[in-house]
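> generate a structure from the sequence data that follows.
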Amino acid sequence: MAETERSLLSQGAAESDVDADPRRWKALGILALVQFMIVIDITVVNVALPSIQRALHFSASGLAWVVDGYALMAGGLLLLGGRVGDLFGRRRLFLIGAALFAVASLTSGLAQNSTMLILSRFGQGTGEALASPAALALVALLFLDAKERTKALGIWSGIAGLGGTLGVLLSGIIVNYVSWRWIFLINVPFALVAISLIPRLVDESKAETTSRRIDIPGAVLVTGGVLAIISGLLAASRHSWGSPQVVWPLVSGVAALLALVAVESHTRDPLIPMTFFSNRTRLSANLATGVQASAMFGFFFLLTLYMQGVLHYSPLKTGLGYVPFGIGILVGITVSTKILERVGPRVVIATAYTIGGTGLLLLGGISVHGGYVAHLLPTILMLSFGMGAAFPALGVAALHEVSREDAGLGSGVQNTMLQVGGALGLAILVTLAVRRTSSLVATGTAADVASTAGYALALRVAAFAMFAAALVGLALVPGRKRYPTAEQLHTPASIKAEPGEEV
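All right, here's what the predicted structure looks like:
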């Protein structure tokens, strides 16, 4: 069966209704439901952060682990999850990942202290790393007709985008009227439905490959290295930069990442082939993705604390305040896709980051007496439009001059950079904000004023990082030529989310 699938997908030929799996649309609905649940869980936690902080007595730097713990495990294990699914069965790994996500959601909702919640968030991130790449691979295999596959992937992307937009609003409603615990507990019944139905709707599939090796050392080094660096950065919010609590985690993390480069350069089946980054366009696109993720993670985290802690917004009002962000993202994506082929990714990336960075810079002027319409709304719209416009261009640049075999790797590496870059960036921004706040409080500044100054500093730093990414895109990303066409981007090799995908 796998050989037949490979032949059909590589040809991109349309199949007759007789050959099409009659269960495919039902299966898509269930798989997309799980993806919707996963995407919501990335954003839904932001509005609940102040409530979680009060209930479980988090420090500001400790609270960052509620976001970073999830993102770190999801990003650090994403490539490994795709590879394991290829070798040992995508349906099997999806079910394992969904089950782990459900259990971790249950323990998150029942958490009695900060440690229990952070460990549970690590479990949720691991569940996503296993379930998400397997789910998208299963969708690609279910729809053999090229037009149907494009429609299915469009539905998949639309549902995922809707989840990101609705997450903050749903969080506000749930936290305001029920309890923050239910932003996690609500995942459990959805996951159980998927686990019970998917075995009836989807057949098992594996990649036919001569190598069955899994790059465990690569996965351990990349995840452990980033974990250590984030730990060191967050420790710097409580200790001096020269203290052992800061220095040793940073040194260990950098050493692990250097070892990763050495291991991946010499192993036979690397998790992250170093030659993939020899292309400067792909390298710059992935660095820019990490910067954008840093800004987005920091924006949601810091602005939520500001709105609820300084402006005293309710969770519901905070969630409603983020609705324009989702609208701006959709408008930015729409505009970008219309002009991308005419002007090329270089112009789009540079312009989008300049607009988004300007929004962040203006947001860095927040005060204790800020108003939503006058001060927050214009900056939210600028930032969201810029980020939305950058998404399609980054996707094209990340696939610059890739072979058919590497197209899935390009997407997988970009998704990893999104999660890991966001986690690292958030750790840096939170540390800057906390240190600035602490120094002002020590001089007798009022708590609200000091907190606002800390948030403002971190947001301005994020703005300058986006300006720097705009310059990198302008310098290193070529113009319109030598990019895959829309038709090429929809070939089977390029629709797979994870590396090692051999269908």
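> burial count for Val373?
Each residue near Val373 was counted by other Cβ atoms under 10 Å, and the total is 7. The C-beta positions use only the backbone N, C-alpha and C, and glycine is treated the same way.
> show me what contacts it?
Residues near Val373 by Cβ atoms under 8 Å, 6 or more residues apart in numbering: none.
> relative to Ile380, how far out is it?
Per Cβ to Cβ, to the nearest Å, Val373 is found 11 Å from Ile380.
> cool, Thr115 as well?
According to Cβ to Cβ, Thr115 stands 34 Å off from Ile380.
> comparing the two, which shows the higher neighbour count?
A count of neighbours by other Cβ under 10 Å puts Ile380 above the other of Thr115 and Ile380, at 22 against 12.
> my read: Leu185 touches Thr107, true?
No - between Leu185 and Thr107 there is no contact, the gap being 10.1 Å when judged by Cβ atoms under 8 Å.
> element containing the residue of the chain positioned farthest from its centre?
The centre of the chain is farthest from one residue, Gly444, which by Cα atoms, centre = their mean lies 38.8 Å away. Assessed by DSSP states H and E, Gly444 sits outside every helix and strand.
> gap between it and Ser451?
14 Å.
> show me the shaky parts of the stretch 351-500 of the chain.
Counting by pLDDT under 70, the stretch 351-500 of the chain contains low-confidence ranges at 402-411, 478-500.
> ok, which stretches of the stretch 101-250 of the chain are helices?
With helices called from DSSP state H, counting those that start in this stretch, the stretch 101-250 of the chain shows them at 114-142, 146-177, 182-185, 187-201, 216-235, 244-266.
> so how far is the first one off the chain centroid?
Here helix 114-142 shows a centroid-to-chain-centroid distance of 12 Å under the convention Cα atoms, centre = their mean, to the nearest Å.
> for it, buried residues please.
For helix 114-142, burial by neighbour count (16 or more other Cβ atoms under 10 Å) applies to 114, 117-118, 120-142.
> elements contacting that helix?
Helices and strands touching helix 114-142, as assessed by 3 or more Cβ pairs under 8 Å, 6 or more residues apart in numbering; DSSP states H and E, comprise helix 2-11, helix 24-56, helix 60-88, helix 90-109, helix 146-177.
> one more time with 6 Å
helix 24-56, helix 60-88, helix 90-109 (3 or more Cβ pairs under 6 Å, 6 or more residues apart in numbering; DSSP states H and E).
> avg pLDDT for it?
On average, the pLDDT along helix 114-142 is 87.
> and it with helix 24-56, angle?
Taking axes from the mean of the first three to the mean of the last three Cα atoms, to 10 degrees, one finds helix 114-142 and helix 24-56 inclined to each other by 170 degrees.
> what about the spatially most central residue of the chain, which SS state?
By Cα atoms, centre = their mean, the mean C-alpha position of the chain lies nearest to Gln419, the distance being 4.1 Å. State at Gln419, reduced to three classes by DSSP: H, G, I helix; E, B strand; the rest coil: helix.
> what's the closest non-adjacent residue to it?
With Cβ to Cβ, 6 or more residues apart in numbering as the criterion, Gln419 has its nearest non-adjacent residue at 2.7 Å, and that residue is Gly75.
> check Asp21 too.
Among residues not flanking Asp21 along the chain, Leu142 sits closest, at 5.8 Å (Cβ to Cβ, 6+ apart).
> next one: Tyr70
In space, Tyr70 is closest to Gly125, 4.1 Å off (Cβ to Cβ, 6+ apart).
> Ala433 touches Gly454, doesn't it?
Yes - using Cβ atoms under 6 Å, Ala433 makes contact with Gly454 at a distance of 3.8 Å.
> gap between the nearest residue to Thr267 once chain neighbours are set aside and Val193?
Leaving aside its sequence neighbours, Thr267 sits nearest to Asp215 (Cβ to Cβ, 6+ apart; 6.1 Å). Distance, Asp215 to Val193, by Cβ to Cβ: 34 Å.
> looking at these two, which is more packed in?
Remark: of Asp215 and Val193, Asp215 carries more neighbours, 21 against 14, as counted by other Cβ under 10 Å.
> now that one: phi and psi?
When read as degrees, to the nearest 10, the backbone of Asp215 gives phi -80, psi 70.
> for it, give me its contacts.
Listed by Cβ atoms under 6 Å, 6 or more residues apart in numbering, the contact set of Asp215 reads 269-271.
> what's the local residue count around Leu474?
16.
> Thr351 is in contact with that one, correct?
No - counting by Cβ under 6 Å, Leu474 stays clear of Thr351, with 9.4 Å between them.
> how about Leu311, nearest residue that isn't a chain neighbour?
Gly370 (6.5 Å).
> that neighbour: what secondary structure?
Here Gly370 is recorded as coil under three-state DSSP.
> okay, now it: neighbour count?
Applying other Cβ under 10 Å, we find 16 residues neighbouring Gly370.
> over to Leu56?
Neighbours around Leu56, by other Cβ under 10 Å: 19.
> what separates it from Tyr306, distance-wise?
20 Å.
> CA atoms only: put stretch 62-75 into CSV for me.
Output in CSV follows, covering the C-alpha atoms of stretch 62-75 (Å, rounded to 0.1, in the frame of the first residue of the first chain):
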residue,chain,number,x,y,z
GLY,A,62,8.3,31.3,36.7
LEU,A,63,5.1,32.2,34.9
ALA,A,64,7.0,32.4,31.6
TRP,A,65,7.5,28.6,31.9
VAL,A,66,3.8,28.1,31.5
VAL,A,67,4.3,29.3,27.9
ASP,A,68,7.9,28.4,27.3
GLY,A,69,7.5,24.8,28.7
TYR,A,70,4.9,24.0,26.0
ALA,A,71,6.7,25.8,23.2
LEU,A,72,10.1,24.2,24.0
MET,A,73,8.9,20.6,24.0
ALA,A,74,6.7,21.2,20.9
GLY,A,75,9.6,22.8,19.0
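> give me the contacts around that stretch.
By Cβ under 6 Å, 6+ apart, the residues outside stretch 62-75 that reach it are 53, 114, 118, 121-122, 124-126, 128-129, 227, 230, 234, 416, 419-420, 422-423, 426, 430.
> same deal with stretch 229-248?
By Cβ under 6 Å, 6+ apart, the residues outside stretch 229-248 that reach it are 61, 64, 68, 249-250, 253, 423, 427-428, 431, 434-435.
> how far out from the middle of the chain is that stretch?
Averaging C-alpha positions (Cα atoms, centre = their mean) puts stretch 229-248 25 Å from its chain's average.
> ends of that stretch, what's the gap?
Taking Cα to Cα, to the nearest Å, stretch 229-248 runs 9 Å from one end to the other.
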